[in-house]
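Asks: what shape does this take:
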Amino acid sequence: MPTLTYKKAGVDIDLADKLVDYIRKKAPAIGGFTGLVPLKLGGAGEWLLAATTDGVGTKLKLAFELDRHQTVGIDLVAMCANDLITCGAKPLLFLDYYAVGRLDLERSKRVLDGILEGCRLGRLVLLGGETAEMPGFYLPGEYDLAGFAVGIVRKDEVIDGSKISPGDLILGLPSSGVHSNGFSLVRKAFHGRELRERARKLLTPTRIYVPDIQRLVEGLRRSGQTVLGLSHITGGGIPENVPRILPKNCRAAFRKKAWKVPAVFREIQGRGNVPEAEMWRTFNMGIGMAVVIRPNALELSRKLLPDALLIGEIVPGKAGVVFK
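Replies: As a prediction, the model looks like this:
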């Protein structure tokens, strides 16, 4: 059976990384999960405006296949809001871009209802957006979605990973499934009826972590403790997303046995003959958000987030990830 990789499925992560490197050279402010820009609000200390953008990706193909459109809007908001909160920002507003070849009113209402539900879960106001009808540009019945989330954070309360040090602990918040990454590979692993039979489960919307993270950040702050780093586990998986928040002298060591990888990922791996390393670099593997805390914050963190799992620790070494 041929080996399936994300690249063979049509997505080249390495090439995308090179493009990001190019953009960073042209626009040095780009780099983290969230973009930050200073605001001067007169006498209240320095605030930063936080902003993110993302889409749903080829998960939309499953929505088209089943004619189920009520949850992809949640995915859209989740992918933006979960990035936004990694810097400690308070979510404020959301904008959407909805592009179709020909407008179907009932389908569009379902899509927008999902966006509104995502905004409710993510504590965002849907402030506006754009519906673009472009005849001949999309196949009949298909559309694309993009979103933009904006928040605000005090400069002295930004969570950026800079205070992480060896000995700190890593908590993992479980994912709700595949979320919205890796679907180009999923659609290669399963074909025809196999994909349709699993599509309903695969369409489970991305978990929105805003209420959980806000509760954790505020709860620890009241006790004089702090969240040191937050990593949203999206495309690139744990190996590529966690290093984005690590100082140069810190390495993240994960214990694979600390959580059970959901069966859906092992099914994808088996059906597609996907190498183990490729699975971890493509999917969240059951962990949607990684949280770095001091050891003395563990007990309170577990009270604030009952489903959080202790999945690793920070060790000395070059910024990166190792699995035990």
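Asks: ranges for the strands of the stretch 1-150 of the chain?
Replies: 35-39, 47-55, 90-100, 125-133, 143-154 (DSSP state E, counting those that start in this stretch).
Asks: what's the most buried one of these?
Replies: strand 143-154 (a mean of 22; mean count of other Cβ atoms under 10 Å). For the C-beta atoms, the positions are set from N, CA and C on the backbone; glycine is no exception.
Asks: for that strand, packing partners?
Replies: Applying 3 or more Cβ pairs under 8 Å, 6 or more residues apart in numbering; DSSP states H and E, one finds that strand 143-154 contacts strand 47-55, helix 60-66, helix 72-84, strand 90-100, helix 105-122.
Asks: just to revisit the earlier point, for residue 318, find the nearest of the strands of the stretch 1-150 of the chain.
Replies: For residue 318, the closest of the strands of the stretch 1-150 of the chain is strand 35-39, at 25.6 Å, according to Cβ to Cβ.
Asks: looking at the helices and strands packed on strand 143-154, which is closest to residue 154?
Replies: strand 47-55 (5.9 Å).
Asks: return the closest one as PDB; C-alpha atoms alone will do.
Replies: What follows is strand 47-55 as a C-alpha-only set of coordinates in PDB (Å, rounded to 0.1, in the frame of the first residue of the first chain):
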ATOM      1  CA  TRP A  47      -2.800  48.800  25.200                       C
ATOM      2  CA  LEU A  48      -2.200  46.600  22.200                       C
ATOM      3  CA  LEU A  49      -4.700  45.800  19.400                       C
ATOM      4  CA  ALA A  50      -4.600  42.000  18.500                       C
ATOM      5  CA  ALA A  51      -5.700  40.600  15.200                       C
ATOM      6  CA  THR A  52      -5.900  37.200  13.500                       C
ATOM      7  CA  THR A  53      -7.200  35.800  10.200                       C
ATOM      8  CA  ASP A  54      -8.000  32.200   9.000                       C
ATOM      9  CA  GLY A  55     -10.300  30.000   7.100                       C
END
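Asks: direction included, what does that strand pair up with?
Replies: In the sheet, strand 47-55 lines up against strand 35-39 (antiparallel), strand 143-154 (antiparallel) (DSSP bridges).
Asks: chain center to the last one, what's the gap?
Replies: Which is strand 143-154. The chain centre lies 12 Å from the centre of strand 143-154; the measure is Cα atoms, centre = their mean, to the nearest Å.
Asks: also the first one?
Replies: Computed by Cα atoms, centre = their mean, the separation of strand 35-39 from the middle of its chain amounts to 21 Å.
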